[in-house]
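In: give the three-dimensional model of this entry:
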Amino acid sequence: MTSQQSDSTIHHPEGRHYEVRGRRLWVETEGSGDPVLLLSGLGPAGSHLVFHPFFSALAEDHQVIYVDLYGRGRSDHPASLAEITFESDVADLAALIEELDLGPVHVYGFSYGGLLGQALALDHGHLVRSLILANSLHSPEMWQLNHANINRELANQAPEVWARIQELRAQGFVSTDLELREQFAAATKLVRFFDPDNAALLLNEPGARNIELYPVFVGADVDFIIGGEVARLPDFRPRLKEITAPTLVLAGRFDRALYPALQRDFVVHAPQFRFEILERSGSFGHVEEPEAVFALLREFWKAG
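Out: Numbers count the residues shown, from 1 in each chain. Reported below is the predicted structural model:
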C-alpha cells in the first residue's frame, strides 16, 4: 500500500525508546485513562504512522500507545533482516507491555498486528485486557486468500492494470520488484477503500515502511504465492476458542481483500468473539469511519 500524503509537519505524540530483549523499540503515548496498545499492519513492514492522526481522538479518554516493531519505523534495525520473525515480534511486545508496567492493556491489532494480538492473547493472556481484530487474519491460508481476492478484483475491475501485470510477469518480474509494485499500488485504493479518495488520508514519512523487510518476510512473489516468514505463521483457528479476553472483530463492508465473509470466519471458530461490520469502510475502518470505530470500541470496553 503506497501512502498518499506526505508532510514534514506530521504531529507525533511524545515518544522515547524502550529497551527490551536487547533491542530498542520506539514508543509514543498520548492521553490518559485505560491503556490501548496499537499494533500496526501494512503487511508486516509498516510503522505506527498508519494510526496517525486518527487515534488522537481516542486519547480524549484513553492512554493511546503507539509502537514501532523491531526493524520498523524509529525502532532499532537489525544487521540481518532474518532476525525479524513473528515469534520475535510477539516476544518483544510481551516484554514491552511488562516494561511499560501498565497492567493488562487493550490491544488493537490492525492487519498483521491482529496476528500478533492473537498470539499475545493466547500465550501471554495476563497482559491482554481485551483484543480488537481489525482487518486481520488467522492463518497463512487466509493471507493467501487475501491476495487471491485482490488479484480477482484487479482482473475484473482494472483489466488494463491486470494486463500489464501479466506482461511483466511473463518477462520474469516478481510481485515485489519495483515495476510490479507500482502496478499493484496504482490500483490498491480500488480494493482497499469504500471511497478510493480516502487513500489520500494515509500519511507518509521516511521510514514509514521497511521496503527491504517486506519481501524477506512475505516472500518475493507474495501477491501470487506467500513465502518467507508468513508461510510459517501459526494457524490460530484451532486455538481461538482458548482466548478468554473479550474480543471484537471489525470488518469493512467494502473490503475486497479480506471480505466480511472471511472476517466472519473468526466467530465460526470462536463463538465467544463479537463481530461487527463497518458499513462505509474497506480495509481501513479507522481511516474511513473513525467515529464509528471509536464509538464501537468505547461501548465494547464499557460492556466488558
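In: give me the pLDDT value at residue 185.
Out: At residue 185, the model reports a pLDDT of 89.
In: buried sites along the longest helix belonging to the chain?
Out: Determined from DSSP state H, the single longest helix within the chain is helix 140-157. Residues 140, 142, 143, 144, 145, 146, 147, 149, 150, 151, 153, 154 are the ones in helix 140-157 that count as buried (16 or more other CB atoms under 10 Å). Any C-beta I mention is one placed from the backbone N, CA and C, and that applies to glycine too.
In: the most centrally placed residue in the chain: what secondary structure?
Out: Compute the mean C-alpha point of the chain, and by CA atoms, centre = their mean the closest residue is residue 41, 2.2 Å away. Under DSSP: H, G, I helix; E, B strand; the rest coil, the three-state class of residue 41 is coil.
In: over to the nearest residue to it once chain neighbours are set aside: give its phi and psi.
Out: Among residues not flanking residue 41 along the chain, residue 111 sits closest, at 2.4 Å (CB to CB, 6 or more residues apart in numbering). For residue 111, the backbone dihedrals (degrees, to the nearest 10) come out as phi 60, psi -120.
In: all strands for the stretch 1-150 of the chain, in order.
Out: 5-6, 15-20, 23-30, 34-39, 62-67, 105-110, 128-134 (DSSP state E, counting those that start in this stretch).
In: the stretch 201-304 of the chain now?
Out: Under DSSP E, counting those that start in this stretch, the stretch 201-304 of the chain gives strands at 203-204, 247-252, 274-278.
In: I'd like to know which elements the first one is packed against.
Out: To tie it back to what came earlier, the one meant is strand 203-204. strand 5-6 (3 or more CB pairs under 8 Å, 6 or more residues apart in numbering; DSSP states H and E).
In: just the strands of the stretch 201-304 of the chain: most buried one?
Out: Mean neighbours per residue, mean count of other CB atoms under 10 Å, is largest over the strands of the stretch 201-304 of the chain for strand 247-252, with a mean of 25.
In: tell me where the stretch 151-300 of the chain has helices.
Out: Applying DSSP state H, counting those that start in this stretch to the stretch 151-300 of the chain gives helices spanning 159-170, 178-192, 213-218, 260-263, 265-269, 285-288, 290-303.
In: export those helices to JSON lines and tack on distance to residue 136?
Out: Listed next are the helices of the stretch 151-300 of the chain as JSON lines, based on distance: least, CB to CB, whole Å:
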{"stretch": "helix 159-170", "distance to residue 136": "26"}
{"stretch": "helix 178-192", "distance to residue 136": "14"}
{"stretch": "helix 213-218", "distance to residue 136": "15"}
{"stretch": "helix 260-263", "distance to residue 136": "8"}
{"stretch": "helix 265-269", "distance to residue 136": "8"}
{"stretch": "helix 285-288", "distance to residue 136": "11"}
{"stretch": "helix 290-303", "distance to residue 136": "14"}
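In: so which of those helices is nearest residue 30?
Out: Of all the helices of the stretch 151-300 of the chain, it is helix 290-303 that lies closest to residue 30, at 14.2 Å by CB to CB.
In: returning to what we had before: which one of the helices of the stretch 151-300 of the chain lies nearest to residue 82?
Out: Minimum separation from residue 82 across the helices of the stretch 151-300 of the chain (CB to CB) falls at helix 213-218, 7.1 Å.
In: CA atoms of that closest one as PDB?
Out: Presented in PDB, the C-alpha positions along helix 213-218 are these (Å, rounded to 0.1, in the frame of the first residue of the first chain):
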ATOM      1  CA  LEU A 213      11.900  -6.300   5.000                       C
ATOM      2  CA  TYR A 214       8.700  -6.900   3.100                       C
ATOM      3  CA  PRO A 215       9.900  -9.400   0.500                       C
ATOM      4  CA  VAL A 216      12.100 -11.200   3.100                       C
ATOM      5  CA  PHE A 217       9.100 -11.600   5.500                       C
ATOM      6  CA  VAL A 218       6.300 -12.400   3.000                       C
END
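In: now it: average pLDDT?
Out: Mean predicted confidence for helix 213-218 is 95.
In: what bits of the stretch 1-150 of the chain have low per-residue confidence?
Out: Across the stretch 1-150 of the chain, the ranges flagged by pLDDT under 70 are 1-8.
In: re the thing from before, ok, now which ones touch the residue nearest to the centre of the chain?
Out: Residues in contact with residue 41 (CB atoms under 8 Å, 6 or more residues apart in numbering) are 50, 110, 111, 112, 113, 114, 135, 136.
In: relative to residue 228, how far out is it?
Out: In this structure, residue 41 and residue 228 are 16 Å apart, going by CB to CB, to the nearest Å.
In: neighbour-wise, give me the winner out of the contacts of residue 41.
Out: Highest neighbour count within the contacts of residue 41: residue 113, with 31 neighbours (other CB atoms under 10 Å).
In: tell me the mean pLDDT over stretch 292-302?
Out: For stretch 292-302, mean pLDDT is 98.
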